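K.L.:
Could you work out the structure for the sequence below:
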Amino acid sequence: VTSGTPAASVQAAAAPYGAEFPVTLEANFSRPYRAVTSSSNGDFTLLDDLERLIRGSYIDPRTGKKLPASVRRGNTVLVATSQMPQSKRVGRVLVRAAKAGVQVRFIHGRATQSASSRALQKALNKKGLRDSHFKICAKGKSLACLSGLKGAIMHSKLVMVSNTFTRDNQPAKGAIWTGSANLGGRSAEQTYNNGMTVYNDSKLWAETFQMWKDMYAERNIG
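P.N.:
The predicted model follows:
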């Protein structure tokens with residue numbers, strides 16, 4: 001339990017997801033082969049993985065067809081990123097998920113807004129979508145979600161998908177991705193960065209979800 005978090009607020013699911021949903025870990029990397037200044041430089045492996053995770057909330061990769069409406073509306077995608085300059089791909093698939101009925105929540109820091117983040121904010125907060133919202137964290141002189149200290153910033157990189165599919169197209173629950181990369185631009189395309197996805201770990205999902213909720217609520221941790 002993270003210091004300062006009430007123990008009662010961090011509870012694992014009553015039971016694991018079952019034998020058909022084994023805990024699985026997948027690593028992903030971006031390894032561009034040219035200098036970052038090259039316009040032709042890029043490795044989209046990490047972005048491909050992020051898009052796949054989010055897409056699995058509304059499309060079955062085994063058939064290429066949309067999941068039933070009741071399933072899509074029961075799914076959730078939660079994201080936090082410190083910045084996303086020149087990022088388009090992940091934002092596009094998040095908007096598609098929202099339009100398909102998936103609940104989408106996005107956290108971004110105030111200090112690092114860009115044309116891409118403002119465009120995604122406008123798209124996710126647009127009237128007519130069932131349940132999506134783009135939130136900017138800033139607490140007074142702090143630019144963070146949790147810390148109230150002057151100069152603090154929101155620096156997390158996190159994508160959580162309640163129901164999706166693994167790389168092998170196996171149904172998965174509680175997918176949690178985190179890593180060193182921001183969502184696009186130089187960070188996930190033109191520089192070396194890493195990511196890690198954990199599936200089907202109900203305790204990890206419950207604890208990470210509590211942390212994400214604290215960030216979204218801008219809970220004061222002192």
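K.L.:
isn't Glu152 right next to Gly140, touching?
P.N.:
If you look again at residue 152, you'll see it is Ala, not Glu. No. Counting by C-beta atoms under 8 Å, Ala152 stays clear of Gly140, with 10.2 Å between them. Where C-beta positions appear, they are placed from N, C-alpha and C, glycine not excepted.
K.L.:
Neighbour count: these two, which is higher?
P.N.:
Ala152 (18 against 8; other C-beta atoms under 10 Å).
K.L.:
what sits against that one?
P.N.:
Ser142, Leu143, Ala144 (C-beta atoms under 8 Å, 6 or more residues apart in numbering).
K.L.:
Per-residue pLDDT of Ser57, please?
P.N.:
Here the pLDDT value assigned to Ser57 is 98.
K.L.:
Ok, the one 3 residues further on next?
P.N.:
We note a pLDDT of 98 for Asp60 in this prediction.
K.L.:
List the contacts of it.
P.N.:
Contact partners of Asp60, counting by C-beta under 8 Å, 6+ apart, are Lys66, Leu67, Phe165.
K.L.:
Regarding it, what are the backbone dihedral angles?
P.N.:
Per-residue torsions, Asp60: phi -90, psi 110 (degrees, to the nearest 10).
K.L.:
doesn't Ala188 fall inside a helix?
P.N.:
Yes. Looking at Ala188 with DSSP: H, G, I helix; E, B strand; the rest coil, it is inside a helix.
K.L.:
show me what contacts it?
P.N.:
By C-beta under 8 Å, 6+ apart, Ala188 lies in contact with Ser30, Leu46, Leu47, Leu50, Ser87, Ala181, Asn182.
K.L.:
now the residue nearest to it when sequence neighbours are not counted: how far from Thr24?
P.N.:
In this structure, Ala188 finds its nearest non-sequential neighbour in Ala181, 4.2 Å apart by C-beta to C-beta, 6 or more residues apart in numbering. From Ala181 across to Thr24, the span is 21 Å (C-beta to C-beta, to the nearest Å).
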